[in-house]
Each structure stands twice: as C-alpha cells, then as structure tokens.
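Student: predicted model, plus sequence, below.
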Amino acid sequence: MTILLAVTGVDAVILAADTRSHTVATRQIKSEPAAKICIWRDRAAWATGGYSTANAEIAPTLPRVGDLKDLNNAIIKGSKKVNERYFEQARAERISPQNVFSLTVGFRSKRPTYFVNAPGIDEYLVKDEPGFVTGLGTNTGVAQTIATETARALIRGNRLPADLWAFQTTIRKMASYPVEVGFPLDLVMIQRCNKRPLRRRIDGPNTFTLLDQWSIQVAL
C-alpha cells in the first residue's frame, strides 16, 4: 500500500512517496521498507504502488532513449504485465486483485509535467500547468482530497513549500489509514536549472525541518 504525491511548479516538478510496503498472503501480512521512487537518466522520476515488486519488474523494460512520454508509455505497459501475472495468484489466495498505479514526472517540451496512471479508476492524466497536485494510494479519492486541501492551505504568494505539503498530506492520510501509509517519506525535485534531480528523505514526524529549496512557484 502506498501514497504517491506530485505537484507542478513554474520551473519544477516534485514527486513524493512513502516507503512502507505490505505483502499480503493467505496466512501473513508482512511489512518491509521499500524505495518506491526511481530516477530515469537523471531526467525524470517515477514511482509505482499496488505491488511491492512492481518497480523491480518494470525497470529493466524501460527505454534507454526517448522523452517523458516514452518513459510513461513503457511504465504503463510494464504495469499491465505485472497486473496480469498477479491476477491468478490473488485469485488463488482469495485476495481481491489490485492494479499497479504510478506517477511519472519530468520535463516535456520544456514544461514541468507529470503523468497520472491509475487504471483502477480508469484515469490516465497529463498535468503540465503550474499548481496541479495529485494524490494516489489507498483510497485514492481520499488521498486526492487531502492533497488538494493541504496545498490550498499552504500556498502563500503563489509559492508552495512542497516538502511541507507532502509531509502534512502524509500525516493526514496516516490518520485514516495508519497501517498502510507511513514514514520515511522520499521526495525528488526536478528543476529547470539543475542537471540532476534533488532528493530528500523525511524520516518521521519528529525529524522534519522546512528547507527553502523545496519552496516552488505554483502560479505565474
């Protein structure tokens, strides 16, 4: 189970994901830490939820060249294969089958852009205007509502402290789903002015400190 978050700025796009992973089988529920965000060619970042092994299974199939759309198409294709493989296993174990969902972020035509891939709710969206926020995860409708409300409360002078937004959204989500979602929280920022993504990890509620470099402009 997962929470994935993304926000577009004027000159940056940010992706955040928790690191809690649950493997549910007939006789056990096992929780292990998992890095859900991957970097692609120092140009983009992507993260999946739904199955703890999805990233490892999809990563070898990704293109070595191309743009953000090519990357996202490959992630969707790989996700469908993972879904098919797990369907029979889930049915045999009398578990409701899930779907892999994902966020892909980077620059497309010089615009900060992210792709929302949530086949369980028949949603494939492209966000390339400043100020879009998305929340995916356990009960995506709740995650999206919390992500939107939190962003609205934090925007000051067309700027959003994206690390605080991700942190507070995760805290609020944990109040509804304390087992599925938790810390550490990983964040990646891809900026127009930087050749490589910036990475940050928030270990827990007592370790969070606000950093100026994660404040992004979300309106022109």
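Tutor: The structure has been received and is ready for your questions.

Student: all strands for this structure, in order.
Tutor: For the chain, applying DSSP state E gives strands covering 3-8, 12-18, 20-24, 29-33, 37-40, 44-49, 101-108, 111-118, 123-127, 133-137, 159-161, 185-191, 198-202, 215-217.

Student: can I get the CA coordinates of the second one in CSV?
Tutor: Extracted as CSV, the C-alpha positions of strand 12-18 are listed here (Å, rounded to 0.1, in the frame of the first residue of the first chain):
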residue,chain,number,x,y,z
ALA,A,12,10.0,22.4,-11.2
VAL,A,13,8.1,19.2,-10.7
ILE,A,14,8.1,17.2,-7.4
LEU,A,15,7.3,13.6,-6.7
ALA,A,16,6.9,12.1,-3.2
ALA,A,17,6.2,8.6,-1.9
ASP,A,18,6.1,6.8,1.4
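
Student: packing partners for it?
Tutor: When contacts are defined as 3 or more CB pairs under 8 Å, 6 or more residues apart in numbering; DSSP states H and E, strand 12-18 packs onto strand 3-8, strand 37-40, strand 44-49, strand 101-108, strand 111-118, helix 162-176, strand 185-191. Glycine gets a C-beta too; all of them are placed from N, C-alpha and C.

Student: for residue 147, find the nearest of the ones you listed.
Tutor: Ranking those by proximity to residue 147 (CB to CB) places helix 162-176 first, at 5.0 Å.

Student: and the angle for the closest one with strand 3-8?
Tutor: Relative orientation of helix 162-176 versus strand 3-8 (axes from the mean of the first three to the mean of the last three CA atoms, to 10 degrees): 150 degrees.

Student: how far off centre is helix 162-176?
Tutor: 13 Å (CA atoms, centre = their mean, to the nearest Å).

Student: many thanks, I have nothing further to ask.
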